[in-house]
Structures are given as structure tokens and as C-alpha cells.
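>>> model the structure of this input:
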Amino acid sequence: MESLLIENLHVSVEGKEILKGVNLEIKPGQTLALLGPNGHGKSTLLNAIMGHPKYEITEGRILLDGEDIVTLSPDERSRKGIFLAMQNPCEVPGVINADFLRAAINARREKPVSLYQFYKLLDNATKELHMPLDLANRSLNEGFSGGEKKRNEILQMLLLEPQLCLLDEIDSGLDVDAIQIVSDIVKKMQEPNRSFLVISHYARLFDLIHPTVSAVMINGRITITGGPELIKRIDTTGYEFIKTEYGIEIEKEDGKPMNTVSIGACATREASKNDKK
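Residues are numbered from 1 along each chain as shown. A predicted model of the protein is given here:
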């Protein structure tokens, strides 16, 4: 992978514009932390990159290695090396987890993986994630706990070895030990030719995976980009400085401006406080 370049991206959901001109670049080997209050378009951006049909791109381009992928289907984008670990993985009754994982691997290969090789890969991957192998013989995500669903997303990423990994709050619902395990997998996969775009409201995850760049999304646009120091500033002070320094009102989900207290109540900071109690 050379790079992902997003230019003037506008995205609507059910007729409502969510992204209002996003510009963002992710270079090979970068891990980008995407920050911002809830309801401002972070998950919409990841779903639009992946090609979710619910998210209508009305303007702009998504360039992967210089190729505009806006018209490609999700499976075509997947074969080009994009992977999305979903915030709320759905349950798929009747589809065995192992069958799904093997089909996903084979969709990216010219020669199908043998059953022996697949189970060897699966066994090694589940051990790394401290997952019981019997989860592979259950229906996809059906009856899984929230933490099991998130680990199953990381299991897919580990087996598929994508070049661009989109992680949408992969740490929510995980306990401290599980966050450490997931972070170790991410760190293992951080390579010069692989990039990560990570959404989280927890400073702990970013402390563990060491993002190289960060960006803040406000009101459907990228308003600030910077280095890891931006994460620490938001974790310490919240988003209030965006209003005072940049003159940007942060809107609530109903379209009304947030008051001063709400702007300062950064979800990352509040979550970190709760973790320390």
C-alpha cells in the first residue's frame, strides 16, 4: 500500500449529510488516531471508506494507491487490502464462524487454503488472542459477549493480514487484560507497509499502540491534525480549546451548539477518570 488519500468527502445517511468535506491522508506505516465527540462522523468515515451501502458518497474521492475506489463494492475494497473492525459486529445465525473466516481468507487468495493449513492458522491466532477455539464452531457472533465479538473482529484482521486496518472503537467493552491483548496484536501488525486508522475514546488504547499521527473530527470535518501530543492535550483538557483557539462551535447531534461545559467534557478524559476509580 502506498497511501490512502481522502479529498473533499461528503457523505449522507438517509438524506442527512454527515461528512461535510473531509480531507485526510494516511501514509504507509502510519497509525492515525481519529478523535472527536460522539456523533460527529468518525464511524461514518470508516464505513464510507469500506463501502457500506447505507453511507452515500455525494461528493469527493477516496484514493487508495492513487486509484479512486468510490465506485468499488465492499468485497472489492477488501480484496485490495482494506479491513474494518466494526464497532457493533452483527450476529449471523447459521453461518459457522470458521466457515466464514476460511471463505474470507480464500477470497483474497488465488489458491484456496487447505483445511489443515487453515486450522493451523486459526489455532495459532486464537491462542494469541486468548480465545477458546470452540468459538470457531459457533454461528458468527451469535451468543457472543461484547468482548468476544470484538476479539473475533481482531481475529479476522490477524488472519486476513490487510494493508489498511480500520478499527472502530475496538476497545469498547473490553476489560483491561483484553485491551492489552488486542493492543499487542495491533503492535505486532504495525509494519512499514501496513496502516491503521483507529477510533477510540480511551487514552489507554492509544498509550499502548503509539499512534504516529492524530486528527480531530468536528461537525463532519477534520479540523486539526497533529502528532501524539494532540491526543494528550485532548485527554487532559477536552475539546474546549477548539472553540477558543479556532473559533469552531461544536454541534450536538441535534444540530445545536454544545455549551462550554459539554465541550470540555471530553469522552476520553471522562473514561480515563472512571478507569482510575
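>>> and the contacts of stretch 16-23?
With Cβ atoms under 8 Å, 6 or more residues apart in numbering as the test, stretch 16-23 has contacts from 6-12, 41, 44-45, 48, 55, 58-60, 217, 219-222. Using the backbone N, CA and C atoms, a C-beta is placed for each residue, glycine as well.
>>> swap that for stretch 59-75, please
With contact meaning Cβ under 8 Å, 6+ apart, stretch 59-75 is reached by 1-10, 21-22, 48-53, 57, 76-77, 80-82, 107, 164.
>>> next, the distance between the ends of it.
Start and end residues of stretch 59-75 are separated by 22 Å (Cα to Cα, to the nearest Å).
>>> in that stretch, what counts as buried?
For stretch 59-75, burial by neighbour count (16 or more other Cβ atoms under 10 Å) applies to 60, 62-64, 69-70, 72.
>>> ranges for the strands of the stretch 51-200 of the chain?
In the stretch 51-200 of the chain, strands defined by DSSP state E, counting those that start in this stretch lie at 55-64, 67-68, 82-85, 92-96, 139-140, 164-168, 195-199, listed in chain order.
>>> just confirm Met217 contacts Gly36, I think it does.
Yes. With contacts defined as Cβ atoms under 8 Å, Met217 counts as touching Gly36 at a distance of 3.8 Å.
>>> any shared contact partners between these two?
When Cβ under 8 Å, 6+ apart defines a contact, the residues bordering Met217 and Gly36 alike are Lys42.
>>> among these two, which residue is more densely surrounded?
Per other Cβ atoms under 10 Å, whichever of Met217 and Gly36 has more neighbours is Gly36, with 27 against 22.
>>> just to check, that one is in contact with Lys42?
Yes. Gly36 is within contact range of Lys42, at 5.4 Å (criterion: Cβ under 8 Å).
>>> related to what we said a few turns ago, buried among the contacts of stretch 16-23? Need that as a selection in PyMOL.
Under the burial definition 16+ other Cβ under 10 Å, those of these that qualify are selected in PyMOL by:
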select buried, resi 6+9+10+11+12+41+44+45+48+55+60+217+219+220+221+222
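>>> any idea how far Glu148 lies from Leu174?
According to Cβ to Cβ, to the nearest Å, Glu148 and Leu174 sit 10 Å apart.
>>> adding distance to Gly29 and pLDDT, write the buried residues of stretch 59-75 out as a markdown table.
Supplementary listing: the buried residues of stretch 59-75 in a markdown table, determined by distance: Cβ to Cβ, whole Å; pLDDT from 0 to 100:
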| residue | distance to Gly29 | pLDDT |
| --- | --- | --- |
| Gly60 | 25 | 98 |
| Ile62 | 19 | 98 |
| Leu63 | 18 | 98 |
| Leu64 | 15 | 97 |
| Ile69 | 20 | 98 |
| Val70 | 25 | 97 |
| Leu72 | 24 | 97 |
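>>> show me what the residue nearest to Gly60 when sequence neighbours are not counted bridges to in the sheet.
If you skip the residues right next to it in sequence, Gly60 has Leu9 as its closest partner in space, 3.7 Å away by Cβ to Cβ, 6 or more residues apart in numbering. Here Leu9 shows beta-bridge partners Val22, assigned using DSSP bridges.
>>> and stretch 140-152, which residues are buried?
Buried, per 16+ other Cβ under 10 Å, within stretch 140-152: 140-141, 144, 147-152.
>>> quick one: Lys243 and Glu251 touch, right?
No. Using Cβ under 8 Å as the test, Lys243 is too far from Glu251 to be in contact (11.3 Å).
>>> mind checking pLDDT for the residue nearest to Gly60?
According to the predicted model, the pLDDT of Leu9 comes to 98.
>>> contacting residues around it?
When contacts are counted by Cβ under 8 Å, 6+ apart, Leu9 is found next to 19, 21-23, 45, 48, 57, 59-62.
>>> turn these into TSV, including distance to Glu91.
Written out in TSV, the entries for those read as follows (distance: Cβ to Cβ, whole Å):
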residue	distance to Glu91
Leu19	28
Gly21	35
Val22	31
Asn23	36
Leu45	25
Ala48	24
Ile57	28
Glu59	34
Gly60	33
Arg61	34
Ile62	29
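>>> if we can go back for a sec, how about the strands of the stretch 51-200 of the chain in CSV, adding distance to His130?
As requested, the strands of the stretch 51-200 of the chain are exported to CSV (distance: least, Cβ to Cβ, whole Å):
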stretch, distance to His130
strand 55-64, 33
strand 67-68, 38
strand 82-85, 17
strand 92-96, 21
strand 139-140, 20
strand 164-168, 18
strand 195-199, 21
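>>> fine, thanks again, bye for now.
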